[in-house]
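Visitor: this is a predicted model, with the sequence first.
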Amino acid sequence: MQKVAVGVVPQVKMAPLNNKRRKQVGILGGNFNPVHVMHLIIADQVGQLLGLDEVRLMPEYLPPHIDAKKTISAHHRIEMLKLAVQDNPRLKVEDVEIRRQGVSYTIDTMKILKEQNPDTDFYFIIGGDMVAYLPKWRQIDELADLVQFVGVKRPEYSQESPYPIIWVDIPQMDLSSSLIRKKIAQGCSARYFLPDPVLNYILEKGLYLDEI
C-alpha cells in the first residue's frame, strides 16, 4: 500500500522534451450538474498546493456507472463551467469527453489528452471516497502509468491504496449538485452554493425546475 504526502511529487514518468520544463496540469472530472463552489475550491486548492500550471474541470458525456444519473444537456453544463472559472486564470474547462461523446472511460480520455499534450504531466484528482474503487476502473494499471492520482482527504475514508496517491487536505463542505437541484426545484435560494453567474444562468434558462 502506498501513500504520498502533499508536496512530495513522484518521479516524472516521461523524459523531458529537449530539456524544456514539462507543463503540470490537474484534471477534475465529474458531471457538474451543476458545478458548485466545492468543485471550484477543490480545483483551486489542489492547483495551489501542488504548484500546477492549471487545473481543468472536465465534464463527462456519459458516466460509466451502471446507475447512470439523469442530467441536463452538455451544452448547459459547459456554459456553466465557463462562467464558473472565468475569473480564475488557473482554472480551465476541458471538453474532450463532450466532444468525443459516448461513455466517458478515463483511460480513453487520458490517452487522447496525452497524445495531444506530449509535453504535459497530468494529475488526476479524485475524492477520498473514490480511492477504494480504483482497482475496478477500466485498465487501471495502464491509467496509473499515464497520470498521477491526487486524492482529496475525507476523514471517514481510508488513505490506503495499491496505487501511488498524492493526498491533499482541503476544507470539506457537505454540498452536492443533487442538493442544489432540489433546492431550486423547491423554490429555495441556492445563493452561495454556486457562483452568482452560474446561478443567474440557471434561473435565466429555467433549469432544474422539475427536479424530483
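Guide: That came through, no problem. Source: prediction; values computed, not measured.

Visitor: how far off centre is the helix of greatest length in the chain?
Guide: With secondary structure taken from DSSP state H, the chain has its longest helix at helix 37-50. In terms of CA atoms, centre = their mean, to the nearest Å, the centre of helix 37-50 is set 10 Å apart from its chain centre.

Visitor: any idea how far Glu204 is from the residue nearest the centre of the chain?
Guide: Against the mean C-alpha coordinate of the chain, by CA atoms, centre = their mean, the closest residue is Leu28 at 1.7 Å. According to CB to CB, to the nearest Å, Leu28 stands 26 Å off from Glu204. Heads up, the C-betas are built off the backbone N, CA and C, glycines and all.

Visitor: wait, doesn't the residue nearest to the centre of the chain sit right on Glu54?
Guide: No. The pair Leu28 / Glu54 is not scored as a contact, 11.1 Å apart, by CB atoms under 8 Å.

Visitor: ok, back up a step: strand partners of the helix or strand in which the residue nearest to the centre of the chain is found, parallel vs antiparallel please.
Guide: Using DSSP states H and E, the element containing Leu28 is strand 23-30. In the sheet, strand 23-30 lines up against strand 54-59 (parallel), strand 120-127 (parallel) (DSSP bridges).

Visitor: stretch 72-90: which residues count as buried?
Guide: By neighbour count with 16 or more other CB atoms under 10 Å, stretch 72-90 contains the buried residues 72, 74, 76-85.

Visitor: show me where the protein has strands.
Guide: Using DSSP state E, the strands found in the chain span residues 23-30, 54-59, 91-93, 120-127, 147-152, 165-168.

Visitor: export those strands to TSV and tack on mean pLDDT and distance to Ile41?
Guide: Formatted as TSV, the strands of the chain follow (pLDDT from 0 to 100; distance: least, CB to CB, whole Å):
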stretch	mean pLDDT	distance to Ile41
strand 23-30	97	11
strand 54-59	98	11
strand 91-93	98	11
strand 120-127	98	12
strand 147-152	98	10
strand 165-168	97	11
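
Visitor: what about Asp95, neighbour count?
Guide: Residues near Asp95, counting by other CB atoms under 10 Å, number 18.

Visitor: OK, contacts around it?
Guide: Residues near Asp95 by CB atoms under 8 Å, 6 or more residues apart in numbering: 58-59, 78.

Visitor: from the residues you listed, which is closest to Ser178?
Guide: Nearest to Ser178 among the contacts of Asp95: Pro59, at 15.9 Å, using CB to CB.

Visitor: make sure that closest one is actually in contact with Pro34.
Guide: No. If you go by CB under 8 Å, Pro59 and Pro34 don't touch, sitting 10.3 Å apart.

Visitor: what do the two both touch?
Guide: With CB under 8 Å, 6+ apart as the test, Pro59 and Pro34 both reach Arg77.

Visitor: could I get the contacting residues of Gly47?
Guide: 26, 54-55, 90-91 are the contacts of Gly47 under CB under 8 Å, 6+ apart.

Visitor: ignore what I typed, I meant Ala84.
Guide: Ala84 neighbours (CB under 8 Å, 6+ apart): 35, 39-40, 57, 91, 194-195, 197-198.
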